[in-house]
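**Q** Fold the following.
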Amino acid sequence: MLNVEGALRAYLQEKLGIPVFVAVPENPPDDFATVERTGGGDERTPVSENPTVVVDYWGGTRAKALNLANAGDDALVMFQSESGISRVDFNSTCVHYPDYASGHERYESTYSITTYEY
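**A** Numbering: from 1, shown residues only. Next up is the predicted model:
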């Protein structure tokens, strides 16, 4: 199956122009995003599946984090035109989710992404 975390990480890094990781790095920059597959979906076949993916958009300020989340959501509209992706559903978008321990501002969006591999 398609590595949806890897594909989405590379896509968002190109579209947003910020570092995108699959886990928060030890010394994160002010502005970055993280991609995490949180579920396998309920429609898996030998050639396709629909995993749930959470993207956290981190910013040095609350406004910057929100702007990144909005830009990321806009970019996801066209992600379904990428090879191996046939559909993107928005489950929730731009949820304010600050990380009080680190002091970073963060917004979170959750997507269901239908992937295929032939």
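**Q** Next one: Met1 relative to Tyr111, how far apart?
**A** Distance, Met1 to Tyr111, by Cβ to Cβ, to the nearest Å: 17 Å. (C-beta placed from N, C-alpha, C; glycine too.)
**Q** Between the two, tell me which one has more neighbours.
**A** Neighbour totals were compared for Met1 and Tyr111, and Tyr111 leads with 23 against 14 (other Cβ atoms under 10 Å).
**Q** Now name the helix or strand holding the more buried one.
**A** strand 105-116 (DSSP states H and E).
**Q** elements contacting that strand?
**A** helix 4-16, strand 48-49, strand 52-59, helix 62-79, strand 85-96 (3 or more Cβ pairs under 8 Å, 6 or more residues apart in numbering; DSSP states H and E).
**Q** Return the set of buried residues in that strand.
**A** Across strand 105-116, burial judged by 16 or more other Cβ atoms under 10 Å covers 105-115.
**Q** The helix or strand bottoming out on mean pLDDT in the chain pairs with which strands, parallel or anti?
**A** The helix or strand of the chain with the poorest confidence is strand 48-49; it has a mean of 88 (mean pLDDT, DSSP states H and E). Strand 48-49 pairs in its sheet with strand 105-116 (antiparallel), by DSSP bridges.
**Q** returning to what we had before: what's the distance between the strand holding Tyr111 and the middle of its chain?
**A** 5 Å (Cα atoms, centre = their mean, to the nearest Å).
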